[in-house]
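J.: Sequence and computational prediction follow.
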Amino acid sequence: MIVAFSVAPTEVPNAHAEMSEAVAAAVRVVRDSGLPNETNAMFTLIEGEWEEVMDVVHRATEAVLAVSPRVSLVLKADIRPGYTGQLTQKVASLERHL
């Protein structure tokens with residue numbers, strides 16, 4: 001499965017500085033997980049089995065909750081049992097048509 005998610009604090013005293021720090025803490029959790037991932041300006045994508053991906057999303061959310069009493073989480077999932085490497089394969093398939 002591939003999950004695209006965005007997690008961010010909604011309440012912080014110094015929104016500009018602490019928001020990016022909180023998001024960085026969440027991305028660090030994802031990168032330290034060892035699962036295939038990438039981060040862009042809007043979302044972090046992570047690929048793996050349901051339980052391991054959701055555990056990483058949960059821990060990333062907890063990292064943001066450590067900074068803010070209220071957190072926004074947006075999540076989209078592509079659930080396709082039996083497939084791996086789709087984080088890059090889906091883009092490669094698209095590029096072949098461009």
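T.: The structure has been received and is ready for your questions.
J.: quick one: the strands in the protein?
T.: All strands of the chain, identified by DSSP state E, fall at 2-9, 37-39, 44-47, 71-78.
J.: okay, the ones you listed, which one's buried deepest?
T.: strand 44-47 (a mean of 22; mean count of other C-beta atoms under 10 Å). For every residue, glycine as well, the C-beta is placed using N, CA and C.
J.: what's next to it, contact-wise?
T.: Strand 44-47 is contacted from outside by 1-6, 26-27, 30, 33, 35-39, 53, 56-57, 60, 84-87, using C-beta atoms under 8 Å, 6 or more residues apart in numbering.
J.: any idea of the angle the longest helix seen in the chain forms with strand 71-78?
T.: Ranked by number of residues, the top helix in the chain under DSSP state H is helix 15-32. On the basis of axes from the mean of the first three to the mean of the last three C-alpha atoms, to 10 degrees, helix 15-32 is oriented at 40 degrees to strand 71-78.
J.: Test for you: state the pLDDT assigned to the residue nearest to the spatial centre of the chain.
T.: The chain has Thr44 as the residue nearest its centroid, 3.5 Å off, counting by C-alpha atoms, centre = their mean. On pLDDT, Thr44 comes in at 98.
J.: Show me what it bridges to in the sheet.
T.: Phe5, Thr39 (DSSP bridges).
J.: what separates it from Leu35, distance-wise?
T.: From Thr44 over to Leu35 the distance is 11 Å, taken as C-beta to C-beta, to the nearest Å.
J.: For Asp55, the count of nearby residues, please.
T.: Using other C-beta atoms under 10 Å, Asp55 has 15 neighbouring residues.
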